[in-house]
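S.K.: From the sequence below, what's the structure:
(chains A and B)
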Amino acid sequence: MEIGLTHYLVISALLFTLGLFGIVSRKHSIMVLMGLELILNAANINFIAFAKFGGMNIDGHIAAIFVIILAAAEAAVALAILLNIYQHFRHVNMDEVDSLKE
Amino acid sequence: MDLITLAFYFFAALTLVFGGVVVFSKNIMHAAFSLLFTFFGVAGLYVLLQADFLAITQIMIYIGGILVLIIFGVMLTTRITGVDVKSGASGRIQITVAGIVSAALAVLLIYVSLTTVWPQSPVAEAGSTVTAIGNTMLTKYILAFEAASMLLLIAIVGAAFIARKK
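M.R.: The predicted structure is shown next:
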């Protein structure tokens, strides 16, 4: 069977749900970040699969590049915030970080 | 079964199996290192989709940048020698509900992708995409390109400002 668009869509759907499950089932903030990266990768696979099977449309590639740029910026800022949370609470469990100021 | 099909199933299995390890692993360091193989598998899928520039970008930014950042984050916020290397699963009820919802969403998404008739164009044999990406980026998307560069600058300054010791 020829590898077509639906193969990539199925893989992307599975990766997306894995990331979603990781985000909602973990308390550790860095695990939540990793789930987020899985979801962004799933979105990128969709963009590039549609770009190829839509007749090698380059706009899909541009969208994927911007997703990667935003993921890099988001990871840097999120980890900076996590370091601050760790200095204050001595842990990074999402459901125990519940006060906005000291 | 030709080589392309074989390579597709190899990279797909690599992505999904290690993605599963990321999500289900008890040890957060194992999860962080499994993320490496997942990103690598996704880069392989990009190559099969004729996105050569994206594959290299994926390896350089995700594996060389974001993954290193995440591993640094794990090391700085967890006492590695202590007992809390655990990745912190929630209670049994939450996990059950999350699993049911995720599985239902997976079934729904796969059903939609299998039954919809997607509009497709005949696949054009393209060479390298680098020239096309460069031309499009600096003509049609020039404003978004400049905005992204400003965003990265602001994110760098902001991250350095937030993370410094008081």
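
S.K.: the helices in chain A, which residues?
M.R.: For chain A, applying DSSP state H gives helices covering A:5-25, A:29-53, A:58-89.

S.K.: Ok, which of those helices comes nearest residue B:17?
M.R.: Set against residue B:17 and scored by Cβ to Cβ, the helices of chain A come closest in helix A:5-25, at 10.4 Å. For the C-beta atoms, the positions are set from N, CA and C on the backbone; glycine is no exception.

S.K.: on that earlier part again, got CSV for the helices of chain A, with mean pLDDT and mean neighbour count too?
M.R.: Converted to CSV, the helices of chain A look like this (pLDDT from 0 to 100; neighbours: other Cβ atoms under 10 Å in any protein chain shown):
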stretch, mean pLDDT, mean neighbour count
helix A:5-25, 93, 22
helix A:29-53, 92, 23
helix A:58-89, 91, 19
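
S.K.: Is it possible to get TSV of those that adds distance to chain B?
M.R.: Output for these, formatted as TSV (distance: least, Cβ to the nearest Cβ, whole Å):
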stretch	distance to chain B
helix A:5-25	4
helix A:29-53	5
helix A:58-89	4
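
S.K.: Using JSON lines, lay out those helices together with distance to residue B:121.
M.R.: Formatted as JSON lines, the helices of chain A follow (distance: least, Cβ to Cβ, whole Å):
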{"stretch": "helix A:5-25", "distance to residue B:121": "11"}
{"stretch": "helix A:29-53", "distance to residue B:121": "7"}
{"stretch": "helix A:58-89", "distance to residue B:121": "12"}
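
S.K.: Contact partners for residue 15?
M.R.: Answering for chain A, as no chain was given. When contacts are counted by Cβ atoms under 8 Å, 6 or more residues apart in numbering or on different chains, residue A:15 touches A:38-39, A:41-42, A:45, B:15-16, B:19, B:38, B:42.

S.K.: Correction: the question concerned chain B.
M.R.: Neighbours of residue B:15 in contact, by Cβ under 8 Å, 6+ apart: A:11, A:15, B:38, B:41-42, B:45.

S.K.: For the worst-scoring helix or strand of chain B on mean pLDDT, name the packing helices and strands.
M.R.: Sorting the helices and strands of chain B by mean pLDDT, DSSP states H and E puts helix B:67-77 at the bottom, at a mean of 88. Under the contact criterion of 3 or more Cβ pairs under 8 Å, 6 or more residues apart in numbering or on different chains; DSSP states H and E, helix B:67-77 touches helix A:29-53, helix A:58-89, helix B:28-48.
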